[in-house]
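Trainee: Fold the following for me, if possible:
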Amino acid sequence: MRPWSIWAGLLSGVITALAFPHWELWPLAWVGLVPLFWALCGAGPRQAAALGWMAGAVHYGILLYWLIGTMQTYGRLPLLLAGAAMVLLVLYLAGFWALFCALASYLRERLGVPGMTMGPPLWVSLEILRSVFLSGFPWALLGYSQWSLKPILQVADITGIYGVSFLIVSVNLGLYSLVSELAQRRRPSLWCFLNLAFCGSLVVGAWLYGQGRMVQISKLSLEAPYTTVGIAQGNLEQSLKWEPAFQEATLSRYEKLTRDLVQAAGAQLVVWPETAAPFFFQREGPLRERLLGLASELKVDLLFGSPAFGSVGDRRVFYNRAYLVGAQGQVRGWYDKIHLVPFGEYVPLQELLPFIRKMVTAIGDFHPGEAPFPLLTSGGASLGVSICFESIFPDIFREEVSKGADLLANLTNDAWFGKTAAPYQHLSMLAVRAVETRRWIVRAANTGISAFIDPCGRIRSQTQLFETSSLVDRVPRLQLHSLYVLYGDIFAWACAVWSTILLALALCKGCRRKHAVP
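Mentor: As a prediction, this is how the structure comes out:
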């Protein structure tokens, strides 16, 4: 392996990582893979896999640096163990880059197919695989780097975030074909011009579609019925939140924020963050009555997080739950978090990994909820709810909208992340959910960033990190169903089918060569 190719691959890892929040250098994503593609020129599958793994490790090491502090502070892991856990996750994610590079090299050797024919669909195929394999961890897919480039992002209401990733890889391949020919001091070939024309048409088409769609959605928002929604950001210290003596201070803070939102701004629905009520609300008692009385007194709907318990067979289980209390002081429904955080809220494969719970006492033992279903507010809004980590899984949002949700709420607690890039990365992925579903999203976060996000992925207003704050807005309730809501990840799975066909053809061709008579 040539030394310069290693440096080129590592450069790609750095450049592409800087395109994501909090650095926000999004133009770098459109050129960031060119050095890696250059390094792969002439490399066999094994060398290509090694280059991809190194580039991916650098990429995810930069993006996920905050994991060490999170696991140390809240997982109570020693520095060495936290670092080892992060390295394992980074190497796992980098493996998808390695697989992309190895398969691209193999297909080029066996079939001689152009990079534009196989590269973008192969990349998307591996992204959808990462989204579902081992319960899925689709954090920071390539397309999320463009969350602030709103016209391009609008294609997500057809293809999901995978369409944006497809565009980025296509442009990188087109630029690579141009650079490689110019580097050989020859005039660009017809094929190079065709590649560039194809990339240009994709980007221009997506841009024009996005501009037109944003105008259309903005007009529909003006005509739609609305609900005045308030967000209460309590900014409570994570280490004190669950202390019994601190419950009074917690409720008093949220009560004050709620009263201000209702009495001064006319909020009809007030949203509190994940586990904002640090007690079992389902139990009868003064704390429960206090919340019910607050909603009844102010004639406001309250949506808030609280832990809950139940039974599965003869076993006691716990849930990460969001309750909706109506303006008459009654519980109108609840939502139990479906997609739990592995090694945070539960231990996957506990029978095979019993030692992990002994090593990390802070790991929860929650049970997943059932299929999501919208909650109906007193004012007639159909509210689709998600909790924290679920914001990176579009299927939950799609299902709620398909069942009638005209307003989406995400309750989260990003205090775990501190003042790192993680809260910004988390928010950026939720903005894509708004585009995919064409719904307004209300995000309430304990320590921020709380926000109102419109159906074009624009942040209407937001709070700062680690401040006690509140927001209020008139939130339109749209009824249209995007193609993505109707058909889901059909684009990504079509890419997976195409990649599988190419791989099957390459394997068949390899078998024929192996058994050919000399």
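Trainee: Need the three-state assignment for the nearest residue to residue 272 once chain neighbours are set aside.
Mentor: Of all residues not flanking residue 272 in the chain, residue 304 sits nearest, at 3.7 Å (C-beta to C-beta, 6 or more residues apart in numbering). Backbone N, C-alpha and C define where each C-beta goes, glycine included. Using DSSP: H, G, I helix; E, B strand; the rest coil, the structure places residue 304 in strand.
Trainee: Residue ranges in this structure under the pLDDT threshold?
Mentor: Scanning the chain for pLDDT under 70 picks out the ranges 1, 74-75, 238-239, 241, 343-344, 346-364, 510, 512-518.
Trainee: which residues in it form strands?
Mentor: Applying DSSP state E to the chain gives strands spanning 226-233, 269-271, 301-312, 315-325, 331-336, 375-376, 382-387, 407-412, 441-445, 451-453, 459-462, 469-476.
Trainee: Quick check: residue 58 touching residue 10?
Mentor: Yes - with contacts counted by C-beta atoms under 8 Å, residue 58 reaches residue 10, the gap being 5.3 Å.
Trainee: ok, these two, which is more surrounded?
Mentor: Ranked by neighbour count (other C-beta atoms under 10 Å), residue 58 and residue 10 place residue 58 first, with 22 against 19.
Trainee: Around the nearest residue to the more buried one once chain neighbours are set aside, count how many other residues there are.
Mentor: Spatial nearest neighbour of residue 58, chain neighbours left out: residue 13 (3.2 Å); criterion: C-beta to C-beta, 6+ apart. Using other C-beta under 10 Å, residue 13 has 26 other residues around it.
Trainee: With residue 136 as the reference, measure out to residue 94.
Mentor: Per C-beta to C-beta, to the nearest Å, residue 94 is found 17 Å from residue 136.
Trainee: repeat for residue 223
Mentor: Per C-beta to C-beta, residue 223 is found 37 Å from residue 136.
Trainee: just residue 433 next, same as before
Mentor: As judged by C-beta to C-beta, residue 433 and residue 136 stand 15 Å apart.
Trainee: Mind checking which of these two has more residues around it?
Mentor: Using other C-beta under 10 Å as the criterion, residue 433 and residue 136 rank with residue 433 on top: 27 against 16.
Trainee: got a list of what the more buried one touches?
Mentor: 391, 394, 397, 408, 441 (C-beta atoms under 8 Å, 6 or more residues apart in numbering).
Trainee: and if you look at residue 277?
Mentor: By C-beta under 8 Å, 6+ apart, the contact list for residue 277 reads 250-251, 254, 287, 291, 304-306, 323.
Trainee: can you rerun that using 10 Å?
Mentor: Residue 277 makes contacts with 247, 250-251, 254, 287-288, 290-291, 302, 304-307, 321, 323, as judged by C-beta atoms under 10 Å, 6 or more residues apart in numbering.
Trainee: Check residue 63 too.
Mentor: Residue 63 makes contact with 13, 16-18, 20-21, 23, 90, 93, 139-140, 421-422, 425 under the criterion C-beta under 10 Å, 6+ apart.
Trainee: mind running it again at 8 Å?
Mentor: By C-beta under 8 Å, 6+ apart, the contact set of residue 63 is 17, 20, 139-140, 421, 425.
Trainee: do the same with residue 316
Mentor: So residue 316 contacts 309-310 (C-beta under 8 Å, 6+ apart).
Trainee: let's number from 419 now, not from 1
Mentor: Taking 419 as the first residue, the last one we looked at is residue 734.
Trainee: For residue 446, give its distance to residue 616.
Mentor: Taking C-beta to C-beta, one finds residue 446 at 22 Å from residue 616.
Trainee: Equivalent analysis for residue 888, please.
Mentor: Remark: distance between residue 888 and residue 616 (C-beta to C-beta) = 49 Å.
Trainee: who touches the residue nearest the centre of the chain in this structure?
Mentor: Computing the C-alpha centroid of the chain and ranking residues by C-alpha atoms, centre = their mean puts residue 810 first, at 2.6 Å. With contacts defined as C-beta under 8 Å, 6+ apart, the neighbours of residue 810 are 556-557, 844, 847.
Trainee: repeat that for 7 Å
Mentor: Residues near residue 810 by C-beta atoms under 7 Å, 6 or more residues apart in numbering: 556-557, 847.
Trainee: any idea how far it is from residue 847?
Mentor: 5 Å.
Trainee: before we move on, what about residue 508?
Mentor: 19 Å.
Trainee: Please apply the same query to residue 816.
Mentor: Separation of residue 816 from residue 847 (C-beta to C-beta): 15 Å.
Trainee: Looking at those two, which one has more neighbours?
Mentor: Neighbour count, other C-beta under 10 Å: between residue 816 and residue 847, residue 816 has more, with 25 against 21.
Trainee: May I ask you to confirm that the more buried one is in contact with residue 901?
Mentor: No - the criterion here is C-beta atoms under 7 Å, and residue 816 misses it with residue 901 at 11.1 Å.
Trainee: so where do the helices sit in the stretch 819-936 of the chain?
Mentor: Under the criterion DSSP state H, counting those that start in this stretch, helices of the stretch 819-936 of the chain are mapped to 840-855, 901-905, 908-932.
Trainee: I misspoke; the intended subject was the stretch 419-568 of the chain.
Mentor: Counting by DSSP H, counting those that start in this stretch, the segments of the stretch 419-568 of the chain that form helices are 421-435, 452-458, 463-481, 484-491, 497-529, 533-550, 568-571.
Trainee: export the ones you listed to JSON lines and tack on distance to residue 625?
Mentor: As requested, the helices of the stretch 419-568 of the chain are exported to JSON lines (distance: least, C-beta to C-beta, whole Å):
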{"stretch": "helix 421-435", "distance to residue 625": "21"}
{"stretch": "helix 452-458", "distance to residue 625": "21"}
{"stretch": "helix 463-481", "distance to residue 625": "26"}
{"stretch": "helix 484-491", "distance to residue 625": "33"}
{"stretch": "helix 497-529", "distance to residue 625": "26"}
{"stretch": "helix 533-550", "distance to residue 625": "17"}
{"stretch": "helix 568-571", "distance to residue 625": "5"}
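Trainee: For residue 690, find the nearest of those helices.
Mentor: Of all the helices of the stretch 419-568 of the chain, helix 484-491 sits nearest to residue 690, with 22.6 Å by C-beta to C-beta.
Trainee: Show me what that closest one is packed against.
Mentor: Using 3 or more C-beta pairs under 7 Å, 6 or more residues apart in numbering; DSSP states H and E as the contact test, the elements touching helix 484-491 are helix 497-529.
Trainee: counting contacts, what elements does the helix it packs on pack onto?
Mentor: So helix 497-529, by 3+ C-beta pairs under 7 Å, 6+ apart, packs with helix 452-458, helix 463-481, helix 484-491, helix 533-550, helix 908-932.
Trainee: so what's residue 742 up against?
Mentor: Neighbours of residue 742 in contact, by C-beta under 7 Å, 6+ apart: 719, 721, 750-752, 793, 795, 801.
Trainee: which residues does it form a beta bridge with?
Mentor: For residue 742, the beta-bridge partners under DSSP bridges are residue 721, residue 751.
Trainee: how close does it sit to residue 674?
Mentor: In this view, residue 742 and residue 674 are 21 Å apart by C-beta to C-beta.
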